[in-house]
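Chemist: What follows is a predicted structure for the sequence shown.
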Amino acid sequence: MPLYAWKCPQCGHRFEVLAAIDKRDEAVCEKCGAKAVRDYTGTCAFGSKSAGGGNCSGNCGCCSGCHH
């Protein structure tokens with residue numbers, strides 16, 4: 001399943017969700033429950049942006065700590 005990046009228009013929270021292609025346009029914010037929109041600013045190719053998730057080394061250019 002592909003990993004999709006989302007952003008909440010209400011609270012600004014960014015998160016990622018693994019979703020089947022037929023469910024790729026359905027997500028709610030993990031923090032406030034509002035309907036989220038796809039975030040096309042870039043996703044991590046090596047794992048999740050969430051703390052401790054995936055295999056991201058922090059050098060991929062997508063994580064908040066990367067400056068790559």
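Modeler: Cool, the structure landed.

Chemist: Now do the strands in this protein.
Modeler: 3-7, 14-18, 37-38 (DSSP state E).

Chemist: what does the shortest one contact?
Modeler: Contacts made with strand 37-38 from outside it, assessed by CB atoms under 8 Å, 6 or more residues apart in numbering, are listed as 4-9, 24-25. C-beta here means a position set from N, CA and C on the backbone, and glycine is covered the same way.

Chemist: Please report the distance of residue 34 from residue 16.
Modeler: 17 Å (CB to CB, to the nearest Å).

Chemist: between the two, who's got more neighbours?
Modeler: Of the pair residue 34 and residue 16, residue 16 is the one with more neighbours under other CB atoms under 10 Å, namely 20 against 13.

Chemist: and the strands of the chain, which is most packed in?
Modeler: strand 3-7 (a mean of 19; mean count of other CB atoms under 10 Å).

Chemist: which secondary structure elements does that one contact?
Modeler: strand 14-18, strand 37-38 (3 or more CB pairs under 8 Å, 6 or more residues apart in numbering; DSSP states H and E).

Chemist: Mean confidence (pLDDT) on that strand, please.
Modeler: Strand 3-7 shows a mean pLDDT of 92.

Chemist: what do you get for stretch 16-23?
Modeler: So the average pLDDT for stretch 16-23 ends up being 88.

Chemist: how far does it stretch from start to finish?
Modeler: Start-to-end span of stretch 16-23 (CA to CA, to the nearest Å) is 13 Å.

Chemist: swap in stretch 26-41?
Modeler: 18 Å.

Chemist: what does stretch 13-23 give?
Modeler: 20 Å.

Chemist: and if you look at stretch 5-12?
Modeler: Rule used - CA to CA; the end-to-end distance of stretch 5-12 is 13 Å.

Chemist: Contacts only, for residue 20.
Modeler: residue 1.

Chemist: all helices of this protein, in order?
Modeler: Taking DSSP state H as the criterion, the chain contains no helices.

Chemist: If anything else comes up later, I'll come back, but that's it for now.
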